[in-house]
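Novice: whatever this is, show me its structure:
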Amino acid sequence: MTELEQTRSVVQRPEDFDEFWRATMAELDRTPIAWKRTPSNLTAEGYTVETLEFASLGGVAVYGWIAVPEDAERLSAPGFLWLPGYSHGNPPPGPESLYAGIVTLGLNVHGNLPDTAYVHPSTLGRDYIAEGIDTPQTYVFRAIVAHCLRAFEVLALQPEVDPDRVIAGGMSQGGGLALIVAALRRDATWLCLADMPWLSDLDRALSLIDRERYQKFPQLSVPDKRLIIEQYAEAHPERREEVFRTYRYFDPLSHAGNIACPTQMSAGGRDPSCRPPTIYAVYNEITAEKEMIYLPTTGHQIVPAMHMAHENWVNSH
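Specialist: Sure thing, here's the model as predicted:
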């Protein structure tokens, strides 16, 4: 076993971690499940693509697209909840999210309209990683996770979907969210596909950022935007302990031990955003059936080898 494969981190769950998530899910349940599908201007060969709107936490309307294989009515197809990277939109249906015979729901995790552009928040000057981070109740990821959990439920209710075969998956932020969904919906998640999952193991991630380099070359953008959390904590030292405590409710490292479904993850050896040790730390906390795709020469990107491995993994189950 290599040193990377042996990576472990100390799991620092807040003492009321389970209570917090039970309360959040109970609040979500108070919003009745309601959804509707309408025509979409998005297309994908071999699929019918529609806009799916549903009610989430606090009655907020959340949007995504749903791509249904043309023969899905007779397939009772698996469902794939495809969660987006760090963005204000969600990618259109494409090769990285579509699999033969599977219904895919691509989600906008902010509740934005379906035509919201898929752009990195930094390009808009609207990074949200530290938004509301003073408490877990106000942290932006509480609503984001709730929207993902409701999307999972709604996908399972679609007439073309087999509710016993629903997959949570995504890349980067989406991979981290998929792990959280798999943990919180542990009895309902069939498989989890988490590519280069961001959000993982905050303390280790921050320790791996070469801050001196970015201070020396300020024109460079720091790939892991979680540095914003550290900068916020430095600017508000009296809140530092609570800021890091808040994040631990949402760190996949805190959730990994609750995952019960077969889980396939990936890590890129040259990934500057989601460093492999942070991913392996989470992977090594999972006790369910699991598999790691390690791509030593790959950066933070989706490559065909990942999609092929997922297809084989899904088919094997």
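
Novice: which SSE is residue 204 in?
Specialist: Here residue 204 is covered by helix 202-207, with elements defined by DSSP states H and E.

Novice: list the helices and strands that helix packs on?
Specialist: Under the contact criterion of 3 or more C-beta pairs under 8 Å, 6 or more residues apart in numbering; DSSP states H and E, helix 202-207 touches helix 227-235, helix 240-248, helix 276-283. Every C-beta, even on glycine, is put in place using the N, C-alpha and C of the backbone.

Novice: residues contacting that helix, please?
Specialist: 9, 12, 224, 226-227, 229-230, 244, 247-248, 251, 253, 275, 277-278, 281 (C-beta atoms under 8 Å, 6 or more residues apart in numbering).

Novice: in PyMOL, how would I select just the buried ones from those?
Specialist: The following PyMOL line selects those of the contacts of helix 202-207 that are buried, judged by 16 or more other C-beta atoms under 10 Å:
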select buried, resi 9+224+226+227+229+230+244+247+248+251+253+275+277+278+281
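
Novice: ok, back up a step: in the helix holding residue 204, which residues are buried?
Specialist: For helix 202-207, by 16+ other C-beta under 10 Å, it's 202, 203, 204, 205, 206.

Novice: before we move on, what about stretch 296-307?
Specialist: Quick answer for stretch 296-307 (16+ other C-beta under 10 Å): 298, 300, 302, 303, 306, 307.

Novice: tell me which of these fall in helices.
Specialist: When DSSP state H is applied, the buried residues of stretch 296-307 are split such that 306, 307 fall in helices.

Novice: could you export the buried residues of stretch 296-307 to CSV, including columns for pLDDT?
Specialist: Listed next are the buried residues of stretch 296-307 as CSV, based on pLDDT from 0 to 100:
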residue, pLDDT
298, 96
300, 95
302, 92
303, 93
306, 92
307, 92
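
Novice: and which of the buried residues of stretch 296-307 is nearest to residue 264?
Specialist: residue 306 (9.3 Å; C-beta to C-beta).

Novice: which among the buried residues of helix 202-207 gets closest to residue 53?
Specialist: Nearest to residue 53 among these, with distances taken as C-beta to C-beta, is residue 202, at 33.1 Å.

Novice: any idea how far that closest one is from residue 282?
Specialist: 11 Å (C-beta to C-beta, to the nearest Å).

Novice: before we move on, what about residue 268?
Specialist: For residue 268 relative to residue 282 (C-beta to C-beta), the value is 15 Å.

Novice: compare these two (neighbour count), which wins?
Specialist: Neighbours per residue, other C-beta atoms under 10 Å: of residue 268 and residue 282, the larger number sits with residue 282, 30 against 24.

Novice: now do the same contact list for the more buried one.
Specialist: Residue 282 neighbours (C-beta under 8 Å, 6+ apart): 179, 197, 200, 201, 252, 253, 256, 265.

Novice: cutoff 10 Å now
Specialist: Neighbouring residues of residue 282 by C-beta atoms under 10 Å, 6 or more residues apart in numbering: 7, 9, 11, 175-176, 179, 194, 197, 199-201, 251-257, 259, 263, 265, 267.
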